[in-house]
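1. Structural data only, the sequence is not supplied:
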């Protein structure tokens, strides 16, 4: 039969004993797709830790995944198009685990003479010859011959954003961070703050025009009576007051409210602010990209417009400090210094900067990370791409940090990953004496909570003397 078409077996053509089979191997993706389609998130299928404690001691597939193979066989092969499912009796005999291959076989048992109704014996057998399911299926068989074009299956991408969970969970044992929320005059900002309060991440101090804050709270349906409010005339004054609170130690973090990022940062980086450190202030996104195998830090996509090599060194140091704060100090993060090409070209400053940064790392001027560059984005995240180009690098295909050439490429890459690759991206400003939380109204709850969790961890690391 042409593989592009499916053809049925009519009631008249069916004879007892006629059979057909279908073989499939259960994958993790099958389990996730079945759960997404059915809503069945039984932890026996979805939670490896729980599954270790149940009777099967590992993740098992949904029973009806095997049942769906019977349905597929009935609808596409025997009898095929035109079949109407009437009844299914099924017993599940053994669990199907990830990697198991199940062969489902249908054998026609009998057919009624008064109506085009037929019954099939159904059996599913795994690769060890064990019966995993068996039963009876009753269908209304087609009476007209059909040969139809086989429908093309859609390409399905599973997007799971669970990598932030461990970081957020780890902060619950830490004390909430007193956080100045700067100019929170819109409802979405207060909702984000409330989410963080409910997770025990922050204690908010609202800094801004009190009348506008109260109006936003009314719109959001939030009771502000437990929260401290410091009245200021406008957003400039709110930024200055928040910085003042941080300098004297009354708050341990700042969160951007309804204002532009540069307005807040001008107050932070002012030579008289008291919040500057020996490092240049920079921005980092912690990104959960579904198609990448681990969390990724992208820097700098929001603060430094056209950094030179000296500034990039500080951006790199800040990002390395963030990575080690999140993932521990036993290993060094792999830093890919991005450029358009992998060769040093005097006419492409990003490649020269990359070479300089690598030499700085060799000489101990940048520590605690493994640097390589210049690297194209493809080489940084794909080992195969690097091999195809003949590039040997310990970072290729396994980068932890992407250091971009300048703000335009960084901003575009971050937005591409967010809007086309469906990544979650939590932003944080580094290099000041307190962490600065940047959230967007488009951020998911997970993203907002991770941004606050980053601040909690950075503040704790700074207090412990692990970062400057």
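-> Cool, got the structure. Small disclaimer: the values here were computed from a predicted structure and weren't measured.
2. list the helices and strands the strand or helix carrying residue 45 packs on?
-> In the assignment (DSSP states H and E), residue 45 maps to helix 43-46. Judged by 3 or more Cβ pairs under 8 Å, 6 or more residues apart in numbering; DSSP states H and E, helix 43-46 is in contact with helix 28-38, helix 48-51. Quick note: C-beta positions are derived from backbone N, CA and C, even for glycine.
3. deepest of the ones you listed, which one?
-> Most buried of the helices and strands packed on helix 43-46 by mean neighbour count (mean count of other Cβ atoms under 10 Å) is helix 28-38; its value is a mean of 15.
4. Assign the residue lying closest to residue 236 once chain neighbours are set aside to helix, strand or coil.
-> Residue nearest to residue 236 in three dimensions, not counting chain neighbours: residue 263, with 7.0 Å by Cβ to Cβ, 6 or more residues apart in numbering. Secondary structure, DSSP: H, G, I helix; E, B strand; the rest coil: residue 263 is helix.
5. ok, now residue 414?
-> From three-state DSSP, the assignment for residue 414 is helix.
6. Quick check: which ranges of the protein have low pLDDT?
-> For the chain, residues meeting the criterion pLDDT under 70 lie at 1-3, 159-161, 441, 468.
7. Next, residue 302: phi, psi?
-> phi -150, psi -20 (degrees, to the nearest 10).
8. measure it to residue 311 for me?
-> 14 Å (Cβ to Cβ, to the nearest Å).
9. that older thread, the residue nearest to residue 236 contacts residue 239, doesn't it?
-> Yes - with contact defined as Cβ atoms under 8 Å, residue 263 reaches residue 239; the gap is 6.0 Å.
10. out of those two, which sits in the busier spot?
-> residue 239 (28 against 15; other Cβ atoms under 10 Å).
11. quick one: which of the helices and strands packed on helix 43-46 is nearest residue 175?
-> The closest of the helices and strands packed on helix 43-46 to residue 175 is helix 48-51. By Cβ to Cβ, the value is 26.9 Å.
12. Can you name the next helix or strand after that closest one?
-> helix 63-76.
13. What strands line up against the helix or strand that comes right after that following helix, and which way round?
-> Where DSSP H and E defines the elements, the next helix or strand beyond helix 63-76 is strand 84-92. Next to strand 84-92 in the sheet, as set by DSSP bridges, lie strand 131-140 (antiparallel).
14. So which bits of the partner strand are buried?
-> 132-135, 137-140 (16 or more other Cβ atoms under 10 Å).
15. quick one: which of those residues is nearest residue 150?
-> Of all those, residue 150 sits closest to residue 139, with 19.9 Å by Cβ to Cβ.
16. beta partners of that closest one?
-> Here residue 139, judged by DSSP bridges, has bridge partners residue 85, residue 118.
17. is it true that it touches residue 86?
-> Yes - at 5.7 Å, residue 139 counts as touching residue 86 under the criterion of Cβ under 8 Å.
18. before we move on, back to that, what about the residue nearest to residue 236, distance to residue 38?
-> 48 Å.
19. Chain neighbours aside, what residue packs nearest to residue 5?
-> Closest to residue 5 by Cβ to Cβ, 6+ apart is residue 147, at 5.5 Å.
20. Can you report how many residues lie near that neighbour?
-> What residue 147 shows, counting by other Cβ under 10 Å, is a neighbour count of 12.
21. my read: it touches residue 4, true?
-> No - Residue 147 lies out of contact with residue 4 (Cβ under 8 Å); the separation is 10.5 Å.
22. Give the intersection of the neighbour lists for residue 139 and residue 86.
-> Shared contacts of residue 139 and residue 86 (Cβ atoms under 8 Å, 6 or more residues apart in numbering): residue 117.
23. quick revisit: tell me which of residue 302 and residue 311 has more neighbours.
-> Using other Cβ under 10 Å as the criterion, residue 302 and residue 311 rank with residue 302 on top: 21 against 18.
24. Show the contacting residues for that one.
-> 261, 283, 407, 410-411, 427, 429, 438.
25. related to what we said a few turns ago, which residues are contacting the helix holding residue 45?
-> 31, 34-35, 50-51, 54, 56, 59-62.
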